[in-house]
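Predicted model, plus sequence, below.
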Amino acid sequence: MKQQRQRGNTQKGKRGEDAAARFLSDNGFALIARNYKTHAGEIDIIAKDACGVIVFIEVKARFNENFGRPCESVGAVKQRRIKNAALAYLFAVGAPCGECRFDIIEIDLRDLSAEHIINAF
């Protein structure tokens, strides 16, 4: 039972990330990486915006808001993990730390619509 739930969550997450990647590409972002893993954590999507700013994106996908907005599930602990993973990425590629930001994309899995929260944290 638990394995089925995890498989369902993985499929839901992949569907949400695919929709977020399409949304970003359609809106002028250049995708750099998806599911970037470091010792510090994982970043769903890394992209560059039209101005060349590196954007670290957390994707949250939901069928409804029964438990609140998806972005509300990105608390302080999750934010710290993403920031640490972003620092590891910047160090690994030799990029300056100054020009980057952290966004959240909420995906409604009923119609795959996206809500882009810029500078979410």
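On my side now, so go ahead.

so what's Ser113 bridging to?
Asp108 (DSSP bridges).

Next, count neighbours for it.
For Ser113, the number of neighbouring residues by other Cβ atoms under 10 Å comes to 11. Yep, even glycine has a C-beta here, placed from its N, CA and C like the rest.

what sits against Asn35?
17, 42-44 (Cβ atoms under 8 Å, 6 or more residues apart in numbering).

Please, which helix or strand holds it?
strand 30-37 (DSSP states H and E).

can you tell me which residues contact the nearest residue to Gly13 once chain neighbours are set aside?
Spatial nearest neighbour of Gly13, excluding adjacent residues (Cβ to Cβ, 6 or more residues apart in numbering): Ala61 at 6.3 Å. Counting by Cβ under 8 Å, 6+ apart, Ala61 touches 12-13, 15-17, 19, 70, 106-109.

Now intersect those with the helices, please.
12-13, 15-17, 19 (DSSP state H).

Can you tell me which of these is nearest Thr38?
Glu17 (17.5 Å; Cβ to Cβ).

what's near enough to touch the closest residue to the closest one other than its chain neighbours?
Excluding the flanking residues, the one nearest Glu17 by Cβ to Cβ, 6+ apart is Val59, at 4.9 Å. By Cβ under 8 Å, 6+ apart, the residues touching Val59 are 13, 16-17, 20, 44-45, 104-105, 107.

Just the buried positions in stretch 86-106, please.
Under the neighbour-count criterion of 16 or more other Cβ atoms under 10 Å, stretch 86-106 has 86, 88-90, 100, 102-106 buried.
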